[in-house]
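J.: here is the input, now give the coordinates:
(one chain, ligands or ions: 1)
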Amino acid sequence: MPGSTHGLTAADLDVQARARLLADELMPYEVEAEMNGGELDPAVLDKQHARVLELGLAATNIPIELGGQGLTFLQQVLVQEQANRVTNALGWIVFTPPLWFTEVATDAQRERWLAPTVRGETHECYAITEEGAGSDVDAIVATARRDGDLYVLDGVKWHVTSFNGAGYCFFQAKLTDGAHAGEHAMFIVELPSPGVRVVRTPAYSHTISHHHPIVAFESVRVPADHLVGAEGDGMNFAYAWFRYERLMIAARCLGAMERLVEEATEFAKDRVVSGRPIIELQQVQAMLADCATELFAARSMTYEVARNIDRGADVKVQHAQTSMAKLYVSEAAGRVADTVVQIFGGRGYMRENVAERFFRELRVERIWEGTSEIQRVIIADQLARRGPRAIT
Ligand SMILES: Cc1cc2nc3c(=O)[nH]c(=O)nc-3n(C[C@H](O)[C@H](O)[C@H](O)COP(=O)(O)OP(=O)(O)OC[C@H]3O[C@@H](n4cnc5c(N)ncnc54)[C@H](O)[C@@H]3O)c2cc1C
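T.: Below you'll find the predicted structure:
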């Protein structure tokens, strides 16, 4: 565990150790999940959920007065990093409700959706992306039409992660009329609701229990108080979510890299070829050394970005730096997974091997919450506006 470096405090080390313990307890279930479409026995899931509560790892990002753990961003990174040393998204059991929602939810929305989410009784999903609108969120064609005390929502959303099992969904659409016609707005849709239909559930590269279906919203009628914030605010929430989630993607990739480097090092010490452990072979040493170096660089960068947010850095600087962390760490994790598969040789191509699973699972980290290309666009934009000293 990276406790001896990076200037972590006793409180940081304590929460890091609790998350590491949880991950160690989840690891024995990875292969079962892999061989079973990502699913585990519900009784096992209940126990894991109880363990998250017991270890004080629930809603780590939510302020204490709202029922969460109120951790710093650095501590949240430490938790996500350690909990996600496991494959098959088993670490997602450490749930993090939408922090941005705490700032805009009405009292009624807090009581009905936020509080049960913080208690871990329900969870949300996000319906933003469409067939013709992914990188360019502004290209969405989903609509919201005001009709008396209601809004009528229409649109077909893609890749709606965790829709299966979600209690409600954040649905982003463009307003058809009124003072904010053409602007974005975000709505809460209770699940299930009349007019909400799964079109199909495609298979993806990873094997996890969270599905990403294509979902049609057909004349879904929601009360006006299901609007989140004000009309025209929709994009602001997406940006707040992106900043948070990009940093946490970097954290999760760090956990994967740490596990891969640990497992590859142990394997290289044990595996004897032509009478010598392969760790004595210079080409294998070079692969391990490159992986460890990438991990150290990625970790140093991610912790620094988190500390900057804790210090209250300007929001635009946060935007650029979380993009940098997501870009660099997700790309590095992909390189490490590829290299570690190589170190394991034929074993690295078996689904029962951690490197094989991470090799597939980490691929999406370069795609979701903004592709690597989009992160570069954001970084270059801030570079042009503020100069390198402001963001690096
Ligand atoms: C497993 C998974 C889960 C997801 N979960 C969710 C979810 O829960 N909710 C949700 O709303 N969305 C979700 N998404 C959608 C995800 O955020 C998008 O897939 C992602 O933002 C990319 O959009 P796209 O797939 O439409 O790619 P496109 O936008 O079609 O991009 C295609 C290619 O063009 C490149 N490109 C596009 N624009 C530019 C540019 N300006 N400059 C340079 N290159 C560019 C891209 O980098 C990419 O290489 C999920 C996706 C996946 C794969």
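J.: can you tell me the closest non-neighbouring residue to residue 117?
T.: residue 97 (4.2 Å; C-beta to C-beta, 6 or more residues apart in numbering). Placement of C-beta: from N, CA and C, glycine included.
J.: distance check, residue 97 against the ligand.
T.: 15 Å (C-beta to the nearest ligand atom, to the nearest Å).
J.: helix/strand/coil for that residue?
T.: On the three-state scheme (DSSP: H, G, I helix; E, B strand; the rest coil), residue 97 is labelled coil.
J.: surely it touches residue 118?
T.: Yes. Contact criterion C-beta atoms under 8 Å: residue 97 and residue 118 qualify, at 5.3 Å.
J.: residues near the residue nearest to residue 117, how many?
T.: The number of residues packed near residue 97 is 26, by other C-beta atoms under 10 Å.
J.: how about the contacts made by it?
T.: Applying C-beta atoms under 8 Å, 6 or more residues apart in numbering to residue 97 gives the contacts 59, 61-62, 68, 114, 117-118, 123-124.
J.: at 7 Å what do you get?
T.: Shown in contact with residue 97 (C-beta atoms under 7 Å, 6 or more residues apart in numbering): 59, 62, 114, 117-118.
J.: shared neighbours of residue 97 and residue 118, anything?
T.: By C-beta under 7 Å, 6+ apart, residue 97 and residue 118 have these common neighbours: 59, 62.
J.: related to what we said a few turns ago, out of the contacts of residue 97, who's the most crowded?
T.: Busiest of the contacts of residue 97 [other C-beta under 10 Å] is residue 59, holding 25 neighbours.
J.: which residue sits closest to it, ignoring its sequence neighbours?
T.: Closest to residue 59 by C-beta to C-beta, 6+ apart is residue 68, at 3.7 Å.
J.: also residue 159?
T.: residue 212 (4.5 Å).
J.: quick one: that neighbour and residue 204 touch, right?
T.: Yes. Under the criterion of C-beta atoms under 7 Å, residue 212 makes contact with residue 204 at 6.1 Å.
J.: and these two? which has more neighbours close in?
T.: Set residue 212 next to residue 204 and count neighbours by other C-beta under 10 Å: residue 212 wins out with 22 against 16.
J.: residues near the single nearest residue of the stretch 51-200 of the chain relative to the ligand, how many?
T.: Closest approach between the stretch 51-200 of the chain and the ligand, counting by C-beta to the nearest ligand atom: residue 134, at 1.8 Å. For residue 134, the tally of surrounding residues (other C-beta under 10 Å) stands at 18.
J.: pop out the phi and psi values for the residue nearest to residue 159.
T.: phi -130, psi 70 (degrees, to the nearest 10).
J.: for it, list the residues it contacts.
T.: Here residue 212 is in contact with 159-161, 204 (criterion: C-beta under 7 Å, 6+ apart).
J.: what's the farthest-apart pair in those residues?
T.: 160 and 204 (12.4 Å; C-beta to C-beta).
J.: and the longest helix for this structure?
T.: helix 234-270 (DSSP state H).
J.: buried residues, that helix. List them.
T.: Neighbour counts over helix 234-270 (16 or more other C-beta atoms under 10 Å) mark 234-235, 237-238, 240-261, 263-265, 267-268 as buried.
J.: again with stretch 145-161
T.: Quick answer for stretch 145-161 (16+ other C-beta under 10 Å): 146, 151-161.
J.: out of these, who's nearest residue 9?
T.: Closest to residue 9, out of all of those and judged by C-beta to C-beta, is residue 161, at 33.5 Å.
J.: surely that closest one meets residue 125?
T.: Yes. The criterion here is C-beta under 7 Å, and residue 161 meets it with residue 125 at 6.2 Å.
J.: pull up the gap between the residue nearest to residue 117 and residue 10, please.
T.: Relative to residue 10, residue 97 is positioned 27 Å away (C-beta to C-beta, to the nearest Å).
J.: just residue 293 next, same as before
T.: 28 Å.
J.: what residues does the protein have near the ligand?
T.: Within the chain, the positions adjacent to the ligand are 126-129, 134-135, 159-161, 204, 212, 364, 367-371, 373-374, 377 by C-beta under 6 Å from any ligand atom.
J.: buried subset of those residues as a PyMOL selection?
T.: Those of the residues of the chain next to the ligand that count as buried under 16+ other C-beta under 10 Å are selected in PyMOL with:
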select buried, resi 126+127+128+129+134+159+160+161+204+212+364+368+369+370+371+374
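J.: tell me which of the residues of the chain next to the ligand fall in helices.
T.: Using DSSP H, the members of the residues of the chain next to the ligand that fall in helices are 373-374, 377.
J.: list the helices and strands the biggest strand by length in the chain packs on?
T.: The residue-count maximum for a strand in the chain (DSSP state E) belongs to strand 214-223. Packing partners of strand 214-223 (3 or more C-beta pairs under 7 Å, 6 or more residues apart in numbering; DSSP states H and E): strand 150-157, strand 184-190, strand 196-200.
J.: could you dump those strands to CSV with mean pLDDT and distance to residue 39?
T.: Below are the helices and strands packed on strand 214-223 laid out as CSV (pLDDT from 0 to 100; distance: least, C-beta to C-beta, whole Å):
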stretch, mean pLDDT, distance to residue 39
strand 150-157, 98, 24
strand 184-190, 97, 25
strand 196-200, 98, 18
